[in-house]
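Undergrad: coords please:
(chains A and B)
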Protein chains: 2
Amino acid sequence: MFYIIGLGLSDEQDVTLRGLNAIKGAARVYLEAYTSILMIDKERLEAFYEKPIILADRDMVETQSDEILAGAKTEDVALLVVGDPFGATTHTDIILRARKLSIPTRVIHNASIMNAAGACGLQLYNFGQTVSLVFFTETWRPDSFYDRIKENWTLGTHTLVLLDIKVKEQSEENLARGRKIFEPPRYMTIPTAVSQLISTEEERGEGVLSPSTTLAIALSRVGGGVDHERIVAGTLQELLDAPPEMFGSPLHSLVLVGKRVHPLEVEYAGAYAINVDSWRRVATEVYGCVLDEA
Amino acid sequence: MFYIIGLGLSDEQDVTLRGLNAIKGAARVYLEAYTSILMIDKERLEAFYEKPIILADRDMVETQSDEILAGAKTEDVALLVVGDPFGATTHTDIILRARKLSIPTRVIHNASIMNAAGACGLQLYNFGQTVSLVFFTETWRPDSFYDRIKENWTLGTHTLVLLDIKVKEQSEENLARGRKIFEPPRYMTIPTAVSQLISTEEERGEGVLSPSTTLAIALSRVGGGVDHERIVAGTLQELLDAPPEMFGSPLHSLVLVGKRVHPLEVEYAGAYAINVDSWRRVATEVYGCVLDEA
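TA: This next block holds a predicted model:
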């Protein structure tokens, strides 16, 4: 059996009993480690499971999956993924490959940022399409996310913005010289994300985003509990001006508030506002929310 | 501490280690049992946790939450919810109430249908707003879901349709006479959902849904593994004509495929098609997908 097991969002305690049971029984255990991260390292997981873990990079999962699937007809193999197997990154490729090889597959679900984002107090019902924001470079500034945000904005739905992760990337020089030397991992933070959003708005100029009147909610280490999780709400400008330590270490995600926001959503998220007065003022004057007196 | 703990989708094995630990340490444990169900009963959960569980109906969670929160400043109280605390039903009301009472709260996330729906092979990125479909009666046929589906359809995004659950409902007669006698629980099935969608299209006539050319995917008991989970793909008419036992017992959900569907999504879900030829034909001719030869 090939198991593909969601680990949830935070640490080794977020696995489900069903997932842990499958890990304990597996002959080999792989950890997909290029699209998301837990807040702990591989060694802590190995100590907890009492068995070795093989790190699987993008190449291995996407193009050399036969190595992972080897023997899975007769013994159990587990691929661990942060979040849910069908979350922000789906793993349909490797499941399709397992199907072709007639290997039985079992998916063990868990929380992913796609549903845990509800922790900000906005209803998941009212989210439109999810977008991804990649690190801009001097020569590469893909902005198709702007069209998706515009579509959501026009309907009035919220947008979950997932922020880029660069793991096992090579510098242009090392790539050109064929040197397998990798850069340290990079995780996009809220200030970078917000500044990219604002600069894209400046270039496109279609009036979708505004530093002073677009409300947004920054999510850091969702599911990490009081010691780790941070939720910060404000206008884009307020998030940009906030001290970076307010968001802390990765992973970060961003929610853009849609026009159809409900007063209860505004009230709930207001507890996380940098400036609750401006939060309520923009919600009332720009979003048209009718709020009770504070 | 007030814990609000997602149980996941299937049975007692889907709780996370963090969740189980909090349940074991709680002075009182409530189970929210009106918006979703596990595939097992309360007694099995009590035996598993080795402690009693108090069933919390809608009234208790929404309007009498002080009873649940009593004492939570000095001891641990746990409210268990099927899926995730911020999933299809959010529990922001009771968290707001806990905040007002200065009771510290911890949310323990888990899978919900809002992310596990990715099991059908459609990318969660490409879903628009989620809609709920309630049981129509002779005099009550609320159809605002149709507007949301139309918005998603116009953009080309997929739609997750959550189906009604009636738990602890009174008949009109019993309600009028003030008799606390409750009807047996009812769960909307795929055939009922599809027939309500088609009849709404007939009334509204805006060309959003078509029995023969709208592709959809029925999800039953997602997360239940090979013995329980069923995924069935087809046109609305094919789902309507399928024998009801094809979908089995509740809970059921439905995904409507959007126009922007990717060929890989079509290929993945094609493995669940009632008729793979018509599935591929509609995807090609109506949705404009360019598929490889089968």
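Undergrad: quick one, phi/psi of the residue lying closest to A:K166 once chain neighbours are set aside?
TA: Of all residues not flanking A:K166 in the chain, A:R186 sits nearest, at 4.3 Å (C-beta to C-beta, 6 or more residues apart in numbering or on different chains). The way it works is simple: take the backbone N, C-alpha and C, and place the C-beta from them, glycine included. Dihedral pair for A:R186: phi -130, psi 140, per degrees, to the nearest 10.
Undergrad: Wait, A:R186 touches A:K168, no?
TA: No: with contacts counted by C-beta atoms under 8 Å, A:R186 stays clear of A:K168, the gap being 10.9 Å.
Undergrad: can you give me the helices in chain A?
TA: A:17-24, A:42-49, A:58-62, A:65-69, A:92-100, A:113-116, A:144-155, A:172-176, A:190-204, A:236-241, A:263-270, A:276-285 (DSSP state H).
Undergrad: Going by neighbour count, list what's buried in the lowest-mean-pLDDT helix or strand in chain A.
TA: One helix or strand of chain A scores below all others by mean pLDDT, DSSP states H and E: helix A:58-62, with a mean of 82. Residues A:M60, A:V61 are the ones in helix A:58-62 that count as buried (16 or more other C-beta atoms under 10 Å in any protein chain shown).
Undergrad: Output the contacting helices and strands for it.
TA: Judged by 3 or more C-beta pairs under 8 Å, 6 or more residues apart in numbering or on different chains; DSSP states H and E, helix A:58-62 is in contact with helix A:65-69, helix A:92-100.
Undergrad: run the last query once more with 7 Å
TA: Counting contacts by 3 or more C-beta pairs under 7 Å, 6 or more residues apart in numbering or on different chains; DSSP states H and E, helix A:58-62 is packed against no other helix or strand.
Undergrad: Kindly state the pLDDT recorded for A:A88?
TA: On pLDDT, A:A88 comes in at 65.
Undergrad: quick one: the least confident helix or strand of chain A to chain centroid distance?
TA: Offset of helix A:58-62 from its chain centre (C-alpha atoms, centre = their mean, to the nearest Å): 19 Å.
Undergrad: Ok, stretch A:255-275 next?
TA: 20 Å.
Undergrad: Is any residue of that stretch near chain B?
TA: Yes: for stretch A:255-275 and chain B, the contact criterion (C-beta under 7 Å from any C-beta of the partner chain) is met by A:L264, A:Y268, A:A271.
Undergrad: Which single residue in the stretch 101-250 of chain A comes nearest to chain B?
TA: A:G118 (2.8 Å; C-beta to the nearest C-beta).
Undergrad: can you count the residues close to that residue?
TA: Around A:G118 there are 27 other residues, counting by other C-beta atoms under 10 Å in any protein chain shown.
Undergrad: Extract the C-alpha set from stretch A:247-257 and format it as CSV.
TA: Taking Å, rounded to 0.1, in the frame of the first residue of the first chain, the C-alpha atoms of stretch A:247-257 are listed here in CSV:
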residue,chain,number,x,y,z
PHE,A,247,4.9,38.5,12.0
GLY,A,248,7.9,36.4,13.1
SER,A,249,9.4,33.4,11.4
PRO,A,250,7.8,31.6,8.4
LEU,A,251,5.4,30.4,7.0
HIS,A,252,3.4,33.4,6.3
SER,A,253,0.1,33.7,4.3
LEU,A,254,-2.0,36.7,3.5
VAL,A,255,-5.8,37.1,3.2
LEU,A,256,-7.3,40.0,1.2
VAL,A,257,-10.7,40.9,2.5
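Undergrad: sorry, back to before: burial measure for the residue nearest to A:K166, as a count.
TA: A:R186 has 14 neighbours, counted by other C-beta under 10 Å.
Undergrad: Could you report the distance from it to A:V134?
TA: 11 Å (C-beta to C-beta, to the nearest Å).
Undergrad: Distance from stretch A:27-39 to the middle of the chain?
TA: The chain centroid and the centroid of stretch A:27-39 are separated by 15 Å under C-alpha atoms, centre = their mean.
Undergrad: hmm, who's touching that stretch?
TA: A:7, A:10-11, A:23, A:42, A:49, A:51, A:53-58, A:61, A:68, A:75-83, A:88-89, A:165, A:167-168, A:221, A:224, A:228, A:251 (C-beta atoms under 7 Å, 6 or more residues apart in numbering or on different chains).
Undergrad: Now the buried members of the residues you listed.
TA: By neighbour count, with 16+ other C-beta under 10 Å, the contacts of stretch A:27-39 hold A:7, A:10-11, A:23, A:49, A:53, A:56, A:61, A:68, A:76-83, A:88-89, A:165, A:167, A:221, A:224, A:228, A:251 as buried.
Undergrad: What about the residue nearest to A:A56 when sequence neighbours are not counted, how many residues nearby?
TA: Excluding its sequence neighbours, the residue lying closest to A:A56 (C-beta to C-beta, 6+ apart) is A:Y30, at 4.3 Å. Neighbour count of A:Y30, defined by other C-beta under 10 Å: 21.
Undergrad: bridging residues for A:Y30?
TA: Applying DSSP bridges to A:Y30 yields these beta-bridge partners: A:I54, A:L79.
Undergrad: ok, now how distant is it from chain B?
TA: The gap separating A:Y30 from chain B is 20 Å, by C-beta to the nearest C-beta, to the nearest Å.
Undergrad: close enough to count as contact, A:H158 and A:R260?
TA: No: taking C-beta atoms under 7 Å as the definition, A:H158 is not a contact partner of A:R260, at 8.4 Å.
Undergrad: out of the two, which sits in the more crowded spot?
TA: Using other C-beta under 10 Å as the criterion, A:H158 and A:R260 rank with A:H158 on top: 27 against 16.
Undergrad: Around chain B, pick out the residues from the stretch 151-294 of chain A.
TA: A:E151, A:L155, A:T157, A:G223, A:G225, A:V226, A:L264, A:Y268, A:A271.
Undergrad: can you rerun that using 10 Å?
TA: A:151-152, A:154-158, A:160, A:162, A:222-223, A:225-226, A:229, A:258, A:260, A:264-265, A:267-269, A:271 (C-beta under 10 Å from any C-beta of the partner chain).
Undergrad: Show me which of the residues you listed are buried.
TA: A:151-152, A:155-158, A:160, A:162, A:222-223, A:229, A:258, A:260, A:264-265, A:267-269.
Undergrad: For A:P250, give me its contacts.
TA: A:S36, A:I37, A:M39, A:L163, A:I165, A:P185, A:R186, A:Y187, A:M188, A:T189, A:S220, A:R221 (C-beta atoms under 10 Å, 6 or more residues apart in numbering or on different chains).
Undergrad: what's the answer for A:P243, then?
TA: A:P243 is in contact with A:P191, counting by C-beta under 10 Å, 6+ apart.
Undergrad: Now do the residue nearest to A:A56 against B:V194, distance only.
TA: 40 Å.
Undergrad: Just confirm A:R260 contacts A:T154, I think it does.
TA: No: A:R260 is beyond contact range of A:T154, at 11.1 Å (criterion: C-beta atoms under 10 Å).
Undergrad: Could you give the separation of stretch A:78-96 from the chain centroid?
TA: Using C-alpha atoms, centre = their mean, the offset of stretch A:78-96 from its chain centre is 13 Å.
Undergrad: any idea of the pLDDT on A:C120?
TA: 95.
Undergrad: Wait, it touches A:I113, no?
TA: No: using C-beta under 10 Å, A:C120 is not in contact with A:I113, being 11.1 Å away.
Undergrad: intersection of neighbour lists for these two?
TA: With C-beta under 10 Å, 6+ apart as the test, A:C120 and A:I113 both reach A:L160, A:L219, A:V222, A:S253.
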